[in-house]
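In: kindly return the folded structure for what I paste below:
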Amino acid sequence: MEFQISSGIVDSYFHKFKKILNVDVAIVGGGPSGLLAAYYLAKAKQNVVLFERKLAPGGGMWGGAMMFNDIVVQHDALPIVKELGIDYKNYSNNLYIIDSLQATSALIYHASKAGATLMNCISVEDVVIQDERVRGVVINWAPVHREKLHVDPIIVVSKAVLDATGHDCEVARILERKNGIKLNTPTGSVIGERSMSVYEAEKTTIENTKEIFPGLFVSGMAANGVSGSFRMGPIFGGMLLSGKKISEIITNSVLEHA
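Out: Got it, this is the predicted structure:
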């Protein structure tokens, strides 16, 4: 029985691993915008993989506000909350309270159930560039990076890459630093996140959700980070709307470059 347990896990995992080596969309970062993008992309019949370096996807949504496990969404994002079956209660001024653990669990469940492949404990350390377009990512085990081991990576080929790495916008920074290219931002480079301004940040999170270099897209806080906009704190409507918006943009891009 011991052999059967180990054999079953290894066989199943490497079948899954081989399947994600050539995909339509590679998402880097398993926060709320990345997870929701994975959900909608999978629903649109895209072959999508999401890489999260931590043990559990979910990003900052798990922790709520200062570990108070409630978060806020605004009215515009309520249809998404309802679609995912997340409980909510009206608070005031078109704001709603949802349980951060239930919401995060729902995002993970629905993304996976829709057909997205979620790969945890994996870091993205580089991108693939061909013909002046991002065409994949370079991955390694997260513990390899944490321990600074000299271990070569694996390449994942994709038609589009989504940087959903949050405040650090890591993929965009790697692309800019290593290739000396100009991004579709006000300065042509990664500007960096500004301090908190909730109302402005909620608007710009959605506005800055876009393609910033051929084949590389940004959503959520990464979108605000690359374009030099504000952070917003424990309100997540903009993050959800950003994830939905970028899924539509990427789907059209993948079909265009098919």
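
In: point out where the chain drops to low pLDDT.
Out: Low-confidence segments of the chain (pLDDT under 70): 258.

In: and with 90 instead?
Out: 92-93, 253-258 (pLDDT under 90).

In: ranges for the helices of it?
Out: For the chain, applying DSSP state H gives helices covering 2-19, 32-43, 78-83, 100-114, 142-146, 170-179, 198-207, 220-227, 237-256.

In: distance of the residue in the chain sticking out farthest from the centre relative to G8?
Out: Largest separation from the mean C-alpha position in the chain: M1, at 38.1 Å (CA atoms, centre = their mean). Here the criterion is CB to CB, to the nearest Å. By it, M1 lies 10 Å from G8. (C-beta placed from N, C-alpha, C; glycine too.)

In: try M239
Out: M239 sits 37 Å away from G8, going by CB to CB.

In: same question, G215
Out: G215 is 37 Å from G8, where distance means CB to CB.

In: now do the contacts for L149.
Out: Shown in contact with L149 (CB atoms under 8 Å, 6 or more residues apart in numbering): P143.

In: phi first, then psi, for it.
Out: Main-chain dihedrals, L149, degrees, to the nearest 10: phi -90, psi 150.

In: again, but for the one 3 residues further on
Out: Dihedral angles phi and psi of D152 (degrees, to the nearest 10) take the values phi -70, psi 150.

In: which non-adjacent residue is nearest it?
Out: N140 (8.0 Å; CB to CB, 6 or more residues apart in numbering).

In: what's the neighbour count on that neighbour?
Out: Using other CB atoms under 10 Å, N140 is surrounded by 18 other residues.

In: which ones are touching it?
Out: Per CB under 8 Å, 6+ apart, neighbours of N140: 122-123, 125, 151-154.

In: restricted to strands, list those residues.
Out: Within those, residues falling in strands by DSSP state E are 122-123, 125, 154.

In: show me which of those are buried.
Out: For those, a burial check counting by 16 or more other CB atoms under 10 Å picks out 122-123.

In: and which of the ones in strands among the contacts of N140 is nearest to F51?
Out: Comparing those against F51 with CB to CB places I122 closest, at 4.8 Å.

In: and G64, what does it touch?
Out: Neighbours of G64 in contact, by CB under 8 Å, 6+ apart: 70-71, 100, 234.

In: scan those residues and report the most crowded one.
Out: Counting by other CB under 10 Å, I71 has the largest number of neighbours within these, with 26 neighbours.

In: report the contact partners of V137.
Out: Contacts for V137 (CB under 8 Å, 6+ apart) come out as 26, 28, 51, 124, 126-128, 155-156, 158, 161, 171.
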